[in-house]
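Peer 1: Below are the sequence and a predicted model for it; my questions follow.
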Amino acid sequence: MSGKHGKFKRREIRELIQKEYGLEIYNMHESDKGILIYTDQGDKFIKRMKKDEAQVLFVASAYEHIKSRGFTNISALCKTQEGKYYIKYDGNLYVLEDTMKGRHFSVSSHEDGEKIGEVLAKYHLAADNFIPAPGSRAKVDWGRWMDKIKVQSARMKKFKEAVEEKKIKNKFDRLFINNVDMFEKRAEEAYLLLKESRYMEKVYKSMQTNQLCHKTFKKHSLILTNKGDIFVTAMEDCSYDIIETDLASLLESCIGGKGLPYLPSVIHGYSKVKPLDNDSLNIIRALLLQPGRFYKIVNRYYGKKKNYNEYELMKKMERSLRKEERRYEIVKKLEEVIK
């Protein structure tokens, strides 16, 4: 439903939403993520879910759980008049989500840092002890990071050996060879950090309390409303995991470059509500240190055995290198906080 629509399709979408949800639509505004809809019951956002009905129910019950525990400045999936959390259109599932007027949140002061740190901590407190609705299918990410990093390291070594054997190397090969040793080293360091920082103990503790995490706690999921509040949206990727994964997402998205000096304020704001120990900070360091961005591109090129546009992949590789360096700056700043 994202992208450009003809007049007939727009009318079709409008009529479907009005019929299924009993809303009166005043206007619609398209974006790459979906369609913003202005209605008689507030602003809504409709988007396609790459999930089945049981997974949508998991997301819907997560929103309701968090709201019921006092964290009310958060979106929710709207129910149809038949009590469903989705509609079917063109063979896909779509959800209608509450939204707010405002702009995407960014950290540009110590006050901003403290504020978003506190919001995430309060979110985690409300998201604890989550039992999804019957019939839903849970997404579970507990304890996967050590194995993920092992796989990254092993496959990068394998790709390196294969490229070194090539008699003629293209631009992508040369860029890969120039950087792979550094990222292999970072992957190994990240693995040791997790091991030494009681990662699995954090996992077991999270499992005991059924800790739910947002998983994409980033700029696009955070709206600074006209009243100055932070409104949380886009929870479609939420899953069971440790809180440190959300902190890593937040720092990667909202800190870096000009925002780097405010990183300690984010940690301080979070810790005022939900204290963090050095093990947690080192786990966050490890999650940012592991070269996931770099690995994703090289695995697509060398591991998927498909024909890709070399120019486009070169651009993606260059972007991944810039992102990895921004993440590394955050890692070094976190080291200062730990000291």
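Peer 2: Noted; the coordinates are in hand.
Peer 1: Let's see the helix or strand harbouring Arg11 as CSV, backbone CA atoms only.
Peer 2: Under the criterion DSSP states H and E, the helix or strand holding Arg11 is helix 7-21. What follows is the C-alpha trace of helix 7-21 in CSV, where atoms were taken according to Å, rounded to 0.1, in the frame of the first residue of the first chain:
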residue,chain,number,x,y,z
LYS,A,7,-7.1,7.9,-7.9
PHE,A,8,-9.2,4.7,-8.1
LYS,A,9,-6.9,2.8,-5.7
ARG,A,10,-6.9,5.7,-3.3
ARG,A,11,-10.7,5.7,-3.3
GLU,A,12,-10.7,1.9,-2.8
ILE,A,13,-8.4,2.1,0.2
ARG,A,14,-10.4,4.9,1.7
GLU,A,15,-13.7,3.0,1.3
LEU,A,16,-12.1,-0.2,2.8
ILE,A,17,-10.8,1.6,5.9
GLN,A,18,-14.1,3.5,6.5
LYS,A,19,-16.1,0.3,6.1
GLU,A,20,-13.8,-2.0,8.3
TYR,A,21,-13.1,0.5,11.1
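Peer 1: Quick check: the nearest residue to Thr216 once chain neighbours are set aside vs Lys50, distance?
Peer 2: Nearest in space to Thr216, with sequence neighbours left out and distances taken as CB to CB, 6 or more residues apart in numbering, is Asp237 at 5.2 Å. (Glycine included, C-beta is placed from N, CA and C.) Using CB to CB, to the nearest Å, one obtains 10 Å as the distance from Asp237 to Lys50.
Peer 1: Who has more neighbours out of those two?
Peer 2: Asp237 (15 against 9; other CB atoms under 10 Å).
Peer 1: Verify the contact between the residue nearest to Thr216 and Lys215 for me.
Peer 2: Yes. Applying CB atoms under 8 Å, one finds Asp237 in contact with Lys215, separated by 4.4 Å.
Peer 1: mind showing which ranges of the stretch 51-200 of the chain have poor pLDDT?
Peer 2: With pLDDT under 70 as the threshold, the stretch 51-200 of the chain has no low-confidence stretch at all.
Peer 1: any idea how far His65 is from Ile74?
Peer 2: Taking CB to CB as the measure, His65 falls 10 Å from Ile74.
Peer 1: now Glu244
Peer 2: 21 Å.
Peer 1: Glu318 too?
Peer 2: Shown here: Glu318 relative to Ile74, a distance of 36 Å by CB to CB.
Peer 1: if you count what's nearby, which of those two comes out ahead?
Peer 2: Set Glu318 next to Ile74 and count neighbours by other CB under 10 Å: Ile74 wins out with 20 against 12.
Peer 1: and that one, what are its bridge partners?
Peer 2: Beta-bridge pairing of Ile74 under DSSP bridges involves Val232.
Peer 1: ok, it touching Ser68?
Peer 2: No. Ile74 is not in contact with Ser68 according to CB under 8 Å; the separation is 10.9 Å.
Peer 1: and the residue nearest to Thr216, helix, strand or coil?
Peer 2: Under DSSP: H, G, I helix; E, B strand; the rest coil, the three-state class of Asp237 is coil.
Peer 1: Please tell me how far Thr225 sits from Met100.
Peer 2: If you measure Thr225 against Met100 using CB to CB, the figure is 5 Å.
Peer 1: and the two? which has more neighbours close in?
Peer 2: Met100 (19 against 14).
Peer 1: Compute the distance between the more buried one and Lys333, please.
Peer 2: Using CB to CB, one obtains 31 Å as the distance from Met100 to Lys333.
Peer 1: what do you get for Val151?
Peer 2: Taken as CB to CB, the span from Val151 to Lys333 is 28 Å.
Peer 1: Which residue of the two possesses the greater neighbour count?
Peer 2: Neighbour comparison, Val151 and Lys333: the larger count goes to Lys333, with 19 against 13 (by other CB under 10 Å).
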